[in-house]
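A.B. asks: have a look at this prediction, sequence included:
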Amino acid sequence: MAGLKAFIGYDLGDGETITDMVVLDIDKQKQLVRTDFSDMPMPDSTTPGRALPTIFARDEEGRILFSNSILTDSDSVRDIHINFKRKPTDLMEELSPERRRQIMALSESAPEWPDASVCPECNSEKMDEFRNSVVTFTNAIFSDEQYRDRIMSFAANCGEIVFCVGHPTKWDELDVAVYRMILKTSILGQGEYSGKPSSLVMAAESRAAFLYVKNQGKSDELPRGKSALLVDVGSSTIDLTAMTADSRNHQYNSGNNYLGARSVDHMIRDWYLEKLMADRENQIVYQELTAANPTLNQTLTLFCREAKEKVYSFKAGKANIFFGYFRPVQLSRDELDDMLRTVPIAGILQKNLDLPRETADQMGQKSWCDLFREFMQEQRARMEEQGISIGRVILTGSASKMPVVPEAVREVFADIPESALFFDMDPSRTISKGLALVGPSNDKSVSFQMDVAKVLNEDVPRVVKNNVGSLAVSLSDFLSEKMEGMMMKHIRAWRNGDFSTFNDMNKAIMEDCSSWKISYDYGEEYARIVQNWCSNVVGKDIAVSLKGICEKNGVANFSVDELNIAGTQNSLMDRMGDIVMGPATRTRLNRVISQICNRIIIILIVALCWVPVLSWAMLFGGAGVMIWNAFTNNEEGSENKLVEYVKDKNIAVWMRKLVGEGSLENKVREAKISESIRAAFLDEGNQKRIVADIVESLNAQVQSKTDDIKYVIESR
């Protein structure tokens, strides 16, 4: 069946890794042919549906071993890798914005991993270790013969296999781009898997959680105005997503890149070693063992993780840590809870997991419990600032089994009923199941995304370009009205003798009518004109386009007003004002004001010459006749010559008063001030800049608005 696709959700966690699978008939997008959550065993495991610890090693012959094999014969393994998942930019030196853009562009265009000559940041020792570990571990899973056969038995009739890989929500776009570039060098990025075409997509883990919760129906039946908060406590990170019951808006995504539970494994290891080293003989033996096999310490971390799982999974609340030939050390739930509440965590993260110094300083001497509680309090405060009220909390992720997690959540959300706190019954698979649903979800919105691309690439530029002239008219009419009043004030002062020369008057007009002074004195009125244009002209036209594609894709519950991206966007309004009155416009406007001032002087000269008792000779002497000839014969630059000649002339006050004020007002209006200002806005080069910058800002808002619509389409 050519229409079938297999979507494999790959949750490569720092602590555990698991996959899940969905098969979809893409020709019948509303019909899920098969959702395979049937507890498929991972490699090196006989227990279906159980996550595989994210650890690998090599035996003496160089073959890859997974956790069960490592635990079975820890003495014979070498080169153990554990807790290797990292935030990629933490492994790079501090990058300038320009360098970030260059690496982003490289990640999109490079057919393979770039070498050190092109990207030295991509080839540091730590980045190499991270990249090689991710690729080795991924390839070992998906090339495992039995595991591959199980996948292909489900995908036998599929035309394509899509690998959907998750990433922490708080990773930025460069982190995601580098991670994707790494995965493209693995078996997942080869374009073919076991003879079938394959592709790779990335998704935020919060989005996967969102889709899984919707799939399970756990976000329904919320009180009106309330949202569900999903808290995913993983090994390396914590991810949060808040959503409304109708999927109308995912509302809030956040997380913490460092406060996962892997630090607890290292905390237990430090506790174990402290007890072990109390015996001098044990200390000597341990030093000899680690000298012979430096990665043996990582094996101990795996044993400590297993002990943590047992402590919180079994009723007895106790587990023995067996390591090498040493006597077992018993860990109890009370002891571990006490460590979680009292042991400072920053030093452990810094020593073992590349925690940035600045972040460590912020953590201070606080325990894991203190930091988790503070994180949840901070997140609640931020959501409340955005008007998000939580009515249900869903805890997931393997580390949510630790009792201190729900304890802190209950404390922070004390106003939520006990019945509104839910635990995922299979927390280790929440993300993998959600990731498996990302692929079908993406397919549902392909048509919508194509329509959105048309709006971004065609409709928005057309709407802005067609309407920028009306904005120029409104602004020029407003500015010319203000300028005319200020000019007349100074012309009257010249007429009354308050200015000695035309030049003195000219300087006063230039100062009061400068673009900076206009913006300062009339900024609010100016901003209202831009806001009105953006909201009632451009915003409505774009909203009509968005409404059309909503209806085309079966989403009817968004009104034109709701789709108006400029309706309530104060930050967008500020940005529009800065774009329109940008440096280029200011320069053009100041130049135009200078030209208008020269024109005013010409107007005054002409007005004086029309007074019956005056003449050019009376005003300027013999030179006036020469300039008059140049002016009347349209000699090049004649206006400027005339203005420069008369600027410093001190005309008698009695002569100035012979010019009637009514005549002056009429002449100023005839100076075409509004048309000159409009030309400053619509200068060809300046107009292109204004249109391009406005389109860029509007497109960012359109993309944000359409994300809400896309969530509705994808989660139905």
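C.D. replies: In hand now; what should we look at?
A.B. asks: remind me, longest helix of this protein?
C.D. replies: helix 460-495 (DSSP state H).
A.B. asks: residues of that one that come out buried?
C.D. replies: Of the residues in helix 460-495, those buried by neighbour count under the rule 16 or more other Cβ atoms under 10 Å are 460-461, 463-465, 467-468, 471-476, 478-480, 482-484, 486-488, 490-491, 494-495. C-beta: built from backbone N, CA, C; applies to glycine.
A.B. asks: same deal with stretch 531-541?
C.D. replies: Residues of stretch 531-541 classed as buried: 531, 533-535, 537-541 (neighbour count, 16+ other Cβ under 10 Å).
A.B. asks: in the next helix or strand along the chain from the longest helix of the chain, which residues are buried?
C.D. replies: Counting by DSSP states H and E, the element after helix 460-495 in chain order, helix or strand, is helix 502-512. By neighbour count with 16+ other Cβ under 10 Å, helix 502-512 contains the buried residues 502-506, 508-510, 512.
A.B. asks: quick check: which ranges of the stretch 401-550 of the chain have low pLDDT?
C.D. replies: Scanning the stretch 401-550 of the chain for pLDDT under 70 picks out 423-427, 444, 523.
A.B. asks: mind checking how far Gly582 is from Ala692?
C.D. replies: 11 Å (Cβ to Cβ, to the nearest Å).
A.B. asks: next, Leu336: secondary structure please.
C.D. replies: Three-state assignment for Leu336 (DSSP: H, G, I helix; E, B strand; the rest coil): helix.
A.B. asks: that one and Val311 touch, don't they?
C.D. replies: Yes. Counting by Cβ atoms under 8 Å, Leu336 does reach Val311; the two are 5.6 Å apart.
A.B. asks: and Lys351, how many neighbours does it have?
C.D. replies: 12 (other Cβ atoms under 10 Å).
A.B. asks: let me see the contact set for it.
C.D. replies: The neighbourhood of Lys351, defined by Cβ atoms under 8 Å, 6 or more residues apart in numbering, consists of His266.
A.B. asks: and it, which helix or strand is it part of?
C.D. replies: Applying DSSP H and E, one finds Lys351 within helix 346-353.
A.B. asks: centre of the chain to that helix, how far?
C.D. replies: 28 Å (Cα atoms, centre = their mean, to the nearest Å).
A.B. asks: cool, and stretch 145-159?
C.D. replies: 36 Å.
A.B. asks: for that stretch, buried residues please.
C.D. replies: So, applying 16+ other Cβ under 10 Å, buried residues of stretch 145-159: 147-148, 150-152, 154-155, 158.
A.B. asks: can I get those in a markdown table with pLDDT and secondary structure?
C.D. replies: As requested, the buried residues of stretch 145-159 are exported to a markdown table (pLDDT from 0 to 100; DSSP: H, G, I helix; E, B strand; the rest coil):
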| residue | pLDDT | secondary structure |
| --- | --- | --- |
| Tyr147 | 89 | helix |
| Arg148 | 91 | helix |
| Arg150 | 87 | helix |
| Ile151 | 88 | helix |
| Met152 | 89 | helix |
| Phe154 | 84 | helix |
| Ala155 | 86 | coil |
| Cys158 | 88 | coil |
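A.B. asks: and the residues you listed, which two are the farthest apart?
C.D. replies: Farthest pair in those (Cβ to Cβ) is Tyr147 and Cys158. Separation: 16.8 Å.
A.B. asks: which residues of the stretch 601-716 of the chain fall in strands?
C.D. replies: In the stretch 601-716 of the chain, no strands are defined using DSSP state E, counting those that start in this stretch.
A.B. asks: repeat that for the stretch 201-350 of the chain.
C.D. replies: Using DSSP E, counting those that start in this stretch, strands in the stretch 201-350 of the chain cover 226-233, 238-244, 252-256, 318-321, 329-332.
A.B. asks: so which of those is nearest Glu684?
C.D. replies: Here strand 252-256 is closest among the strands of the stretch 201-350 of the chain (Cβ to Cβ), at 42.3 Å.
A.B. asks: what is the mean pLDDT for that closest one?
C.D. replies: The average pLDDT within strand 252-256 is 80.
A.B. asks: which neighbouring elements make contact with that strand?
C.D. replies: helix 205-216, strand 238-244, helix 368-385 (3 or more Cβ pairs under 8 Å, 6 or more residues apart in numbering; DSSP states H and E).
A.B. asks: redo the ones you listed as JSON lines? Include distance to Val452, mean neighbour count and mean pLDDT.
C.D. replies: Listed next are the helices and strands packed on strand 252-256 as JSON lines, based on distance: least, Cβ to Cβ, whole Å; neighbours: other Cβ atoms under 10 Å; pLDDT from 0 to 100:
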{"stretch": "helix 205-216", "distance to Val452": "17", "mean neighbour count": "25", "mean pLDDT": "72"}
{"stretch": "strand 238-244", "distance to Val452": "21", "mean neighbour count": "25", "mean pLDDT": "79"}
{"stretch": "helix 368-385", "distance to Val452": "27", "mean neighbour count": "17", "mean pLDDT": "92"}
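A.B. asks: wait, which of the ones you listed is closest to Lys433?
C.D. replies: Here helix 205-216 is closest among the helices and strands packed on strand 252-256 (Cβ to Cβ), at 4.9 Å.
A.B. asks: what angle separates the helix holding Lys351 from helix 368-385?
C.D. replies: Angle, helix 346-353 to helix 368-385, by axes from the mean of the first three to the mean of the last three Cα atoms, to 10 degrees: 100 degrees.
A.B. asks: please renumber the chain so that the first residue is 13 from this point on.
C.D. replies: Sounds good: first residue 13 from here, last item helix 358-365.
A.B. asks: mind listing what's buried in the following helix or strand past helix 358-365?
C.D. replies: Sequence order places helix 369-375 as the next helix or strand after helix 358-365, per DSSP H and E. Neighbour-count burial for helix 369-375 flags 371-372, 375 (criterion: 16+ other Cβ under 10 Å).
A.B. asks: before we move on, what about stretch 329-342?
C.D. replies: Applying 16+ other Cβ under 10 Å to stretch 329-342 flags 329-331, 333, 335, 338, 341 as buried.
A.B. asks: gap between that stretch and the chain center?
C.D. replies: So, by Cα atoms, centre = their mean, the centroid of stretch 329-342 is 46 Å from its chain's centroid.
A.B. asks: alright, I will stop here.
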